[in-house]
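Asker: Could you work out the structure for the sequence below:
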Amino acid sequence: RLIQNEILMKTQWHIHKDIRPFNELNINEIYKDELLCMGIPLILKYEKRLPSHWNYQRIEIPDLKNRKILSEQQQKEKEAALILNKLQPTDFVLVLDEKGKHFTSNDFANELQNLMNQSYKQVVFIIGGPYGFSERIYTRANQKISFSKMTFTHQMIRLFLTEQIYRTSTILLGKPYHHE
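Answerer: Sure, this is the predicted structure:
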């Protein structure tokens, strides 16, 4: 049974494309989860499909206590403290935000490949809660990305991001999943 919480998803990977070795890379997803998320079976499906040499794990961050008595800004600040506590100074942080940069799936794969080529050891994707992010998260972010100009629930974005990470693996490994 899932509890309402923040979650950190971590992946290590080694990818070879065009006979060029890549450095190890960890991927983390930090997001707000709901008591019941209908997308869990699909998320688990894509997680299981990730290459076996990717060390993929989830780390849960506890939900805020007394959330109902906190203002939106107080919630964003407390969530930011939990998130920032999980980041390292050398992490490359991508915030998912409807005002962020748009990518095609191939461009997204190329972006992650470029980060690997730049020897980033850890890439962190942060999905906001119901009120978005505090300014501290935007300040810490290296980049804002968007899957759409529309707003989606964080549960939906969690599924979209997990699927796109899987899709990226198939693109970079030349496996038959992605079609133009």
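Asker: G132 bridge partners, please.
Answerer: G129 (DSSP bridges).
Asker: number of nearby residues for it?
Answerer: 15 (other Cβ atoms under 10 Å). (C-beta placed from N, C-alpha, C; glycine too.)
Asker: how close does it get to N142?
Answerer: 18 Å (Cβ to Cβ, to the nearest Å).
Asker: same check, this time on S52
Answerer: Note on S52: its distance to N142, by Cβ to Cβ, is 29 Å.
Asker: Extract the CA atoms of the longest strand belonging to the chain and return them as CSV.
Answerer: When the chain is parsed with DSSP state E, its longest strand is strand 92-102. Extracted as CSV, the C-alpha positions of strand 92-102 are listed here (Å, rounded to 0.1, in the frame of the first residue of the first chain):
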residue,chain,number,x,y,z
PHE,A,92,22.5,18.2,-12.8
VAL,A,93,19.0,19.1,-11.8
LEU,A,94,16.1,19.3,-14.3
VAL,A,95,12.8,20.7,-13.1
LEU,A,96,9.6,19.6,-14.9
ASP,A,97,7.6,22.8,-15.5
GLU,A,98,5.1,23.7,-18.1
LYS,A,99,7.2,26.7,-19.0
GLY,A,100,10.3,24.6,-19.6
LYS,A,101,12.0,23.5,-22.8
HIS,A,102,10.2,21.1,-25.0
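Asker: Offset the numbering so it begins at 372, please.
Answerer: Renumbered: residue one is now 372, and that last one reads strand 463-473.
Asker: Pass me the low-pLDDT residue ranges in the protein, would you?
Answerer: Along the chain, segments meeting pLDDT under 70 span 372-396, 401-408, 424-432.
Asker: so how far is V494 from the residue of the chain positioned farthest from its centre?
Answerer: Each residue of the chain has a distance to the centre, and by Cα atoms, centre = their mean the biggest one is for I440: 28.5 Å. Distance from I440 to V494, counting by Cβ to Cβ: 35 Å.
Asker: Check H550 too.
Answerer: 25 Å.
Asker: Go ahead and confirm V466 touches K515.
Answerer: Yes: in this structure, V466 is within contact of K515 by Cβ atoms under 8 Å, at 5.0 Å.
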